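Engineer: Provide a 3D model corresponding to the input given below.
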Amino acid sequence: MRVGRTNSIVGSWQLIGSKYGTGAEVIEKDIDSEYILTFYNNGKYRESVNGKQIDDQYLIDKGDLIVLINSKTSESNFYSYNFKGNKLILDKVDKDGSLICDEGCSTILKRIKE
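Structural biologist: Okay, the predicted model is just below:
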């Protein structure tokens, strides 16, 4: 896991935007959302939206690939991630780390709690 307060995934993050490409242009969209994603030091995460919560485990693989495990559905979501200031940028990827969207599609979250 990455270390240091400014580039640690541990903490709470609120969804604030998305970014995707159409082939001709890159579109950035602000989102007003109650979606909160929290990562804990013990390898667990919590997704909260509209009063509903999912608690499960996450793994960090290959240094910049995060896997969110959903034990109830036996499915996992894979993301490449990076930091820009107090923002966490998640890009949906396949299990090999290749982008799912041809032009890229990013979820942008802002740190709200360490």
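
Engineer: Just checking, which helix or strand of this protein averages the lowest pLDDT?
Structural biologist: Every helix and strand of the chain was ranked by mean pLDDT, DSSP states H and E. The lowest is strand 26-30, at a mean of 81.

Engineer: So which residues of this protein form strands?
Structural biologist: For the chain, the strands defined by DSSP state E occupy 11-21, 26-30, 36-39, 44-49, 52-61, 65-70, 75-84, 87-93, 105-113.

Engineer: Residue 99 is nearest to which of those?
Structural biologist: The minimum distance between residue 99 and those falls on strand 87-93, with 5.7 Å, by C-beta to C-beta. (Glycine included, C-beta is placed from N, CA and C.)

Engineer: Next, the residues that contact that closest one from outside, please.
Structural biologist: 9, 13, 16, 65-66, 77-83, 99-101, 104-111 (C-beta atoms under 8 Å, 6 or more residues apart in numbering).

Engineer: Can I get that strand in PDB, CA atoms only?
Structural biologist: Output of strand 87-93 as PDB, limited to C-alpha atoms (Å, rounded to 0.1, in the frame of the first residue of the first chain):
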ATOM      1  CA  LYS A  87      -8.700  14.000  -5.300                       C
ATOM      2  CA  LEU A  88      -8.700  10.200  -6.000                       C
ATOM      3  CA  ILE A  89      -9.100   9.400  -9.600                       C
ATOM      4  CA  LEU A  90     -10.500   5.800 -10.400                       C
ATOM      5  CA  ASP A  91     -10.400   4.400 -13.900                       C
ATOM      6  CA  LYS A  92     -12.300   1.200 -14.500                       C
ATOM      7  CA  VAL A  93     -10.000  -1.500 -15.800                       C
END
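
Engineer: shaky segments in the protein?
Structural biologist: Applying pLDDT under 70 to the chain flags the ranges 1-7, 103-104.

Engineer: Sounds good, over and out.
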